[in-house]
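*Asks:* got a sequence here, can you build the structure:
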Amino acid sequence: MATSISNRQLLVQLQAGISANGQPKLQNHLFPNVDPVATEDQMAQVLTALTPLFLSQVYASGHVDTVEILPAASGSTTTV
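*Replies:* Numbering: from 1, shown residues only. The predicted model follows:
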């Protein structure tokens, strides 16, 4: 079996404040339709361009991939 990335989304976590126990309150934002072949550097460049548009501080970033499992390719076809 093989796998293929069928969808990629940019994930940005913003710190929206501090909770009563001192932990950060986080908000997740997903930006869909990222090209599955986009590199980490390219996504970092996009994040750098977007950061001034956020009202809250960027806490973390990453990406979420949807992976498709493909059947193994075989050289012969079986008919029943």
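
*Asks:* please report how far the residue nearest to His29 when sequence neighbours are not counted lies from Met1.
*Replies:* Distances taken as CB to CB, 6 or more residues apart in numbering put Val12 closest to His29, at 4.8 Å, once the chain neighbours are dropped. C-betas here are computed from N, CA, C, even on glycine. Val12 is 32 Å from Met1, where distance means CB to CB, to the nearest Å.

*Asks:* so between the two, which is more surrounded?
*Replies:* Between Val12 and Met1, Val12 has the larger neighbour count (other CB atoms under 10 Å), namely 20 against 7.

*Asks:* how about the contacts made by the residue nearest to His29?
*Replies:* Residues near Val12 by CB atoms under 8 Å, 6 or more residues apart in numbering: Asn28, His29, Leu30, Phe31, Leu47, Leu50, Phe54, Val58, Ala60, Ser61.

*Asks:* quick check, it in a strand?
*Replies:* Yes. The assignment for Val12 by DSSP: H, G, I helix; E, B strand; the rest coil puts it in a strand.

*Asks:* kindly state the beta-bridge partners for it.
*Replies:* His29, Ser61 (DSSP bridges).

*Asks:* and the helices in this protein?
*Replies:* In the chain, the helices defined using DSSP state H lie at 40-50.
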